[in-house]
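>>> Make a model of this:
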Amino acid sequence: LLTAAIHGDELNGVAVVQDLVPGLDLRTLKGVVVGVPGLNIPGLMAGQREFEPSFAADAVNLNRLMPGKLDGADVGEVYAGCLWNQLFMGNADLVVDLHTQSRGTLYPMYAFAETPAAREMALALHPDVIKMDPGIRRTVENEMNAAGLVGVTLELGGPDRFDPVMIERAKAGILNLMALHGMIPARPAIRGPAPYIGTVTTDADAPASGFARL
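Residues are numbered from 1 along each chain as shown. Prediction:
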């Protein structure tokens, strides 16, 4: 299962799903790929992070509402419940939830993994950094792992734009993951340094004003 744009300003994952799925060779594909290029349609249409289907509804973060409530009173909870019960559950073994960072911040290609199995999955995607992290409950990744699936969050740079380098790297990583699980024929190994794996992140504060070169 490939999901993208649960936050409506996170565009790189949209392109990953749109480009990768039509390029699969169905004659050799083993298993099923479910690709959802836009989980948060109102957010995508408005160019905003939150889910806000109408002016009468509160803007909410869909990635803090999983698994939702089909019988809830809040429209965001019901929408999340429909995604969870009618799309996610029963249709996946492995889940890559594609994100970018929020406005005003920028990540390298960065994976969050919660379990040892998710760590192996993240390694196959070959990001720059993997953070082993208990995560935040009610996110897609963490609730998927709690439900017995294997899922990771894959962050692809910054929001509000299509970054061709990040898009191509994510596609290569997902195809590598599929090959390792026997879904597609073997592929050439991804080149470059192995991901840096850690458990703690911290802010680095500049001692003076100016520009930072990262």
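>>> where are the low-confidence patches of this protein?
214 (pLDDT under 70).
>>> which residues of it fall in helices?
12-20, 41-46, 75-83, 116-125, 140-146, 164-180 (DSSP state H).
>>> quick one: which of those is nearest Thr28?
Thr28 lies closest to helix 164-180 among these, at 10.9 Å (C-beta to C-beta). Yep, even glycine has a C-beta here, placed from its N, CA and C like the rest.
>>> what's next to the closest one, contact-wise?
2, 12-13, 15-16, 19-20, 33, 94, 96, 98, 109, 121, 124-127, 154, 156-157, 184-187, 190 (C-beta atoms under 8 Å, 6 or more residues apart in numbering).
>>> Quickly compare the helices of the chain and say which is most buried.
Stretch with highest mean neighbour count among the helices of the chain: helix 140-146 (a mean of 23; mean count of other C-beta atoms under 10 Å).
>>> Mind listing residues that contact it?
3, 6, 63, 66-67, 84, 88, 92, 95, 97, 112, 114-115, 118, 134-137, 150-153.
>>> Quick one: buried ones out of the residues you listed?
For the contacts of helix 140-146, a burial check counting by 16 or more other C-beta atoms under 10 Å picks out 3, 6, 63, 66-67, 84, 88, 92, 95, 97, 112, 114-115, 118, 135, 150-153.
>>> quick one on the thing from earlier: mind giving me a markdown table with the helices of the chain and columns for distance to Arg213?
Putting the helices of the chain into a markdown table (distance: least, C-beta to C-beta, whole Å) gives the following:
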| stretch | distance to Arg213 |
| --- | --- |
| helix 12-20 | 23 |
| helix 41-46 | 32 |
| helix 75-83 | 40 |
| helix 116-125 | 27 |
| helix 140-146 | 31 |
| helix 164-180 | 18 |
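>>> hey, C-alpha coordinates of stretch 168-176 in CSV?
Written as CSV, here are the backbone C-alpha positions of stretch 168-176 (Å, rounded to 0.1, in the frame of the first residue of the first chain):
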residue,chain,number,x,y,z
GLU,A,168,13.1,9.5,-8.4
ARG,A,169,14.8,8.3,-5.2
ALA,A,170,11.5,7.3,-3.6
LYS,A,171,10.5,5.4,-6.7
ALA,A,172,13.8,3.6,-6.8
GLY,A,173,13.5,2.7,-3.1
ILE,A,174,10.0,1.4,-3.4
LEU,A,175,10.9,-0.7,-6.4
ASN,A,176,13.9,-2.1,-4.4
